[in-house]
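[1] quick one: sequence plus predicted model below, questions after.
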Amino acid sequence: MEIPKLLNTEISDVAATSLLTLYCHALESQSKDTILDDPLAVEITDKLNPELSQSDNNFYQSLAKGKVEKKLVVHIAMRAKRYDDYVRNFLERSHHGIVVNIGCGLDPRFHRIDNGKVIFYDLDFPEVIAVKKKLLPETDRYRFIPSSVLNYEWMEAIRQLNNASVLFMAEGVFMYLQEDEVKSLVLKLQSTFPGCELIAEFFKAAWLKQPLQGIMNRKLQRDLHLGNDATFKFGIRDSKDLEGWNPGIEFLDDWFYLDEPENKLGLLRVLKDIPFFRKIQWTARYKLN
């Protein structure tokens, strides 16, 4: 897959998925009866469109033309709105809390949820953060961490902010990692930030077996034109699976986007009563005691 040069910075296949998320936010923000209001996403995509439109790759050309599957736009927008609500709820309980957006991509979430007190960290691959720095200003309360989430040195700067409640978010991240990597990360967060909260999106383990995995890969790589490295590797059977990883991991609640009374879901809403389809991809919240 052609590697795009966004503002003279090369990004990988997996990092390029952040473009899809950003454009879904921008497209939904400009739709009727919008699910997500994100004018900054619109502003950023307007800046990126000239470069992507000149690409020879169908994926980037489609983004620049605003041609993204409507069902995907709705799904991504609903997910973003829900994660914003998670952050707002956390900040109502911890006004001066710390939020770490793992695998943040180009999403300007901080600007949607800022309560004037939060310290918000965007964490992603160095090439993604390099692009983001050219699009959004870093401040005393809005900080960038250019690092793989698996290089645990990034945790030190946050750990030094003693006596602060911390929320970690992993929206559309864990499924691209191996199981041992996800487990190691969760246990490291638990030991380094006892009492922190974790909100993460998960994928159904059954869909990682053939022929279902083949269907998912074709969706990602053929239909969405993402690179070969953009494939799902990790899944769980149930939200409570993580409680078996270590004592103190406490499952709080989970969320399935098909359960939302959102008219834009259309006929997809009939699948919510079929567990196999309702729980393909969902979000769960934990306290890491």
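    Great, that's in hand.
[2] assign Phe234 to helix, strand or coil.
    Put simply, Phe234 is coil when judged by DSSP: H, G, I helix; E, B strand; the rest coil.
[3] that one is in contact with Val173, isn't it?
    No: Phe234 is beyond contact range of Val173, at 9.8 Å (criterion: Cβ atoms under 8 Å). From N, CA and C alone the C-beta is placed, and that goes for glycine too.
[4] out of these two, which sits in the busier spot?
    Higher neighbour count among Phe234 and Val173: Val173, with 22 against 19, using other Cβ atoms under 10 Å.
[5] hang on, that one packs against Glu201?
    Yes: using Cβ under 8 Å, Val173 is in contact with Glu201, at 7.2 Å.
[6] for the nearest residue to Lys204 once chain neighbours are set aside, give me the pLDDT.
    The shortest distance from Lys204 to any non-neighbouring residue, by Cβ to Cβ, 6 or more residues apart in numbering, is to Ile280 (5.0 Å). On pLDDT, Ile280 comes in at 84.
[7] next one: Asp84
    98.
[8] kindly report the same for Asp13.
    65.
[9] who touches stretch 250-268?
    33, 35, 71, 74-75, 78-79, 82, 197, 239-240, 242-243, 269, 271-272, 277-279, 281-289 (Cβ atoms under 8 Å, 6 or more residues apart in numbering).
[10] pLDDT (mean, whole number) over it?
    In this model, stretch 250-268 has a mean pLDDT of 90.
[11] mind listing what's buried in that stretch?
    Neighbour counts over stretch 250-268 (16 or more other Cβ atoms under 10 Å) mark Asp254, Trp255, Tyr257, Leu258, Glu260, Glu262, Lys264, Leu265 as buried.
[12] ends of it, how far apart?
    Using Cα to Cα, to the nearest Å, the end-to-end distance of stretch 250-268 comes to 31 Å.
[13] now that stretch, how far from the centre of its chain.
    16 Å (Cα atoms, centre = their mean, to the nearest Å).
[14] what about the stretch 51-200 of the chain, any weak spots by pLDDT?
    Along the stretch 51-200 of the chain, segments meeting pLDDT under 70 span 163.
[15] what about the nearest residue to Ala205 once chain neighbours are set aside, how many residues nearby?
    Computed as Cβ to Cβ, 6+ apart, the closest residue to Ala205 that is not its neighbour in sequence is Gly235, at 3.6 Å. Using other Cβ under 10 Å, Gly235 has 21 other residues around it.
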